[in-house]
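> Give the three-dimensional model of this entry:
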Amino acid sequence: MKIPLDYLCVRSGLLCDRCQGLVDSGQVEQYEIKVMEALLDLEEGQFKELKDATYYKAIRSGNLLILLVESPPSIDSSKWIKIAKALQDKLRVKVRIVEKSSSIKNSAVQLLSPARVLGVNTVWLPDGSVQYVIRVAKNEKRLLPAGADELENALSKIHDTKVKIRVE
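Predicted coordinates for the structure are as follows:
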């Protein structure tokens, strides 16, 4: 798996100057090192196809860990679900894996499943900024993988813009 840090640094736990600089600057969080190590363990073990995948970022939001990855064609969504379950067992936290996408709707559909996304509205605010409102059916609120606030926070971090989830 392609990761932002050196394999040797992740494996040993001792970071070289370049990797330490990435952690100090905030591009890579301290907890992400354990996530990368777990992914490398899974790649060596039962998920050999992970070697063609790319890891971008892990976002922690409450009791939910969201991994932002780019997937090769050999890994489909059912395989990612198995990988997420294996990571949950290793890291002891709820894990969601989201394909890196420029579309907020694609990210929301992956993150909020099994709840269905009814639509995504773009709201232009008076100060010139943009806010996205993701609509979810009222009867599917219980299917959300975490609280709406945590999911809003995670989606906002993924896309660097304000995102709200509205249950209607």
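
> Domain-wise, how is the chain divided?
Following automatic domain parsing, one gets these domains for the chain: 1-100, 102-168.

> could the ones you listed go into CSV alongside mean neighbour count and mean pLDDT?
In this view, the C-beta of every residue, glycine as well, is placed from N, C-alpha and C. Output for these, formatted as CSV (neighbours: other Cβ atoms under 10 Å; pLDDT from 0 to 100):
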stretch, mean neighbour count, mean pLDDT
domain 1-100, 16, 90
domain 102-168, 15, 91
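
> Now for residue 39: which residues touch it?
1, 3, 50, 55, 87 (Cβ atoms under 8 Å, 6 or more residues apart in numbering).

> With residue 69 instead?
So residue 69 contacts 53, 54, 55, 56, 80, 97, 98, 99, 100 (Cβ under 8 Å, 6+ apart).

> phi, psi of it?
When read as degrees, to the nearest 10, the backbone of residue 69 gives phi -130, psi 160.

> Show me the beta-bridge partners of it.
Beta-bridge pairing for residue 69 (DSSP bridges): residue 55, residue 99.

> Name the SS class of the spatially closest residue to residue 5 that is not a sequence neighbour, please.
Nearest non-adjacent residue to residue 5, counting by Cβ to Cβ, 6 or more residues apart in numbering: residue 19, 4.6 Å away. With DSSP: H, G, I helix; E, B strand; the rest coil as the basis, residue 19 sits in helix.
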